[in-house]
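# sequence and computational prediction follow.
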Amino acid sequence: DVKVTQSSRYLVKRTGEKVFLECVQDMDHENMFWYRQDPGLGLRLIYFSYDVKMKEKGDIPEGYSVSREKKERFSLILESASTNQTSMYLCASSPLGAPYEQYFGPGTRLTVT
Amino acid sequence: QKEVEQNSGPLSVPEGAIASLNCTYSDRGSQSFFWYRQYSGKSPELIMSIYSNGDKEDGRFTAQLNKASQYVSLLIRDSQPSDSATYLCAVRGGGNAGNNRKLIWGLGTSLAVNP
């Protein structure tokens, strides 16, 4: 079974802090994604990566950056956390041949106070 | 703005009935369509994909695609209480290389199956 793990299930940070969310997958998938999910807004893509050291902006990249130094690990960075970044953050991965068949991690509930 | 629309529900059906979930999309260039299930407090999981017009069956689930009318549906036969979840419709964007690398997500339909 594909396993996608995320570094924290719950996280509380203060406004202005730099926040790192990490995601690791164990199935050698080429594609990795970061989403946030908010009530009434659904799933929104922040960034995705289809290869090591490659990244592409999603629909809402402002205030975020990403890093993919190794194939199995994709990190989301909030440069200076703000209260409007309080959300559920979901990481996903998918294989090269089926990029839209995505496997999700359990999510990180981030609260910025 | 490419959109995927779903009735938010909740859709309530009795145990053993057929649940019918519908999704419409705006991008005529879309080629790939997916249904994800999300239990409360959990992350989405893929349950069906469909790429060509017609029906695709997998156990109690049937996905139906009509590209001319731009809708995709999911039928759940013999619904069980364990099917109670939010069902997300996702569509691969068509057109340019940037857009077709992404899924466009609906907001989901909440399904409640009553014993």
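Thanks, I have it. Everything numeric here is computed off the predicted structure, so don't read it as measured data.
# going by C-alpha atoms from here, please, whenever you check contacts or count neighbours.
Fine.
# give me the residue from chain B nearest chain A.
B:Leu107 (4.9 Å; CA to the nearest CA).
# strand partners (parallel or antiparallel) of the helix or strand of chain A with the lowest mean pLDDT?
Lowest on mean pLDDT, DSSP states H and E among the helices and strands of chain A sits strand A:56-57, with a mean of 92. Using DSSP bridges, strand A:56-57 pairs in its sheet with strand A:42-49 (antiparallel).
# buried residues, the strand it pairs with. List them.
Applying a neighbour-count criterion of 16 or more other CA atoms under 10 Å in any protein chain shown, one finds A:Leu43, A:Arg44, A:Leu45, A:Ile46, A:Tyr47, A:Phe48, A:Ser49 buried in strand A:42-49.
# the chain: strands as residue ranges?
In the absence of a named chain, this looks at chain A. A:4-6, A:10-13, A:19-25, A:31-38, A:42-49, A:56-57, A:64-70, A:73-78, A:87-94, A:103-104, A:108-112 (DSSP state E).
# please go with chain B instead
Under DSSP E, chain B gives strands at B:4-6, B:11-14, B:19-25, B:33-38, B:45-50, B:54-58, B:61-66, B:71-76, B:85-92, B:103-105, B:109-114.
# mind putting those strands in CSV, mean pLDDT included?
Shown next, in CSV, are those (pLDDT from 0 to 100):
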stretch, mean pLDDT
strand B:4-6, 95
strand B:11-14, 97
strand B:19-25, 96
strand B:33-38, 97
strand B:45-50, 96
strand B:54-58, 96
strand B:61-66, 97
strand B:71-76, 97
strand B:85-92, 96
strand B:103-105, 92
strand B:109-114, 97
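# just put these in TSV and tack on mean neighbour count and distance to chain A.
TSV is the format used below for those (neighbours: other CA atoms under 10 Å in any protein chain shown; distance: least, CA to the nearest CA, whole Å):
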stretch	mean neighbour count	distance to chain A
strand B:4-6	20	11
strand B:11-14	16	17
strand B:19-25	21	15
strand B:33-38	23	8
strand B:45-50	18	7
strand B:54-58	13	16
strand B:61-66	20	15
strand B:71-76	20	16
strand B:85-92	26	7
strand B:103-105	24	6
strand B:109-114	20	11
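# on that earlier part again, determine which two of the buried residues of strand A:42-49 are furthest apart.
A:Leu43 and A:Ser49 (17.0 Å; CA to CA).
# looking at the strands of chain B, which is nearest to A:Glu62?
Using CA to CA, the strands of chain B put strand B:103-105 closest to A:Glu62, at 18.7 Å.
# who are the packing partners of that closest one?
Strand B:103-105 sits against strand A:42-49, strand B:85-92, with contacts defined as 3 or more CA pairs under 8 Å, 6 or more residues apart in numbering or on different chains; DSSP states H and E.
# one step back: in a markdown table: the strands of chain A, plus distance to B:Tyr87.
A markdown table is the format used below for these (distance: least, CA to CA, whole Å):
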| stretch | distance to B:Tyr87 |
| --- | --- |
| strand A:4-6 | 21 |
| strand A:10-13 | 24 |
| strand A:19-25 | 24 |
| strand A:31-38 | 14 |
| strand A:42-49 | 12 |
| strand A:56-57 | 26 |
| strand A:64-70 | 28 |
| strand A:73-78 | 26 |
| strand A:87-94 | 17 |
| strand A:103-104 | 15 |
| strand A:108-112 | 21 |
